[in-house]
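J.: Turn this into a structure:
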Amino acid sequence: MKYKEVGQKIRDYRQRKEMTQQELADKIGVTWEMVSRYERGKSSPFSRINEISEALSTTSSQLLQNDNNASEYKYYEVPLFTSIPKSLSFESTQATFFYTAPKWIYELGTYVFAVESKIIKNNTLELRDGGIVYVAQNKLSESGIYLVKEGNGFIFSNASIDSVGQVVAQEIKFI
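T.: Residues are numbered from 1 along each chain as shown. All right, here's what the predicted structure looks like:
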């Protein structure tokens, strides 16, 4: 994979996290100019790929994956949580599994993760048990359903206070 392709992925992930080049540089121990060089394909990011992927809450394989033959209907992997992380943080470094998500989830321009809906204490909202719930880390609209911290767990709520993100979609099981 060429530097430019990896650099574009670094830029995409950084922008989805609403992170500046300086903020990424501070996290990986380089200058913002070096991050710029990585993103433009002018320098090799390979020696720092693990630090970059951790700072961007992704995996090095996601940054290095070759997408030359990507179709319009390409699917992307997002972190999948099958249990509530001990840290109560839904960062990709805490995920054991990744789930294939449709391209439009990736195009939201923010960090998105998937949660098995059975691990969330469901209250009165109309979300079904079973399946996968996609959660965007940033608030995308004024109204919506949010994944909200309650005690040592999480619930679905209409209020965004103490939320880890906004629910953007659900895939349900028909079994």
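
J.: name the helices or strands packed onto the biggest strand by length in the chain?
T.: Secondary structure assigned by DSSP state E gives strand 163-171 as the longest strand of the chain. With contacts defined as 3 or more CB pairs under 8 Å, 6 or more residues apart in numbering; DSSP states H and E, strand 163-171 has these neighbours: strand 112-116, strand 132-136, strand 146-150, strand 153-157. C-beta: built from backbone N, CA, C; applies to glycine.

J.: For those strands, which has the smallest mean pLDDT value?
T.: Per-stretch mean pLDDT for those is lowest at strand 153-157 (a mean of 81).

J.: which stretches of this structure aren't confidently modelled?
T.: 1, 66-75, 122-130, 173-175 (pLDDT under 70).

J.: Buried residues in the biggest helix by length in it, which are they?
T.: Using DSSP state H to define each element, the chain has its longest helix at helix 3-16. For helix 3-16, burial by neighbour count (16 or more other CB atoms under 10 Å) applies to 3, 5-11, 13-14, 16.

J.: Then stretch 104-116?
T.: Buried-residue list, stretch 104-116, by 16+ other CB under 10 Å: 105-106, 108, 110-116.

J.: End to end on it, go ahead and measure it.
T.: 19 Å (CA to CA, to the nearest Å).

J.: and that stretch, how far out from the chain's middle?
T.: 6 Å (CA atoms, centre = their mean, to the nearest Å).
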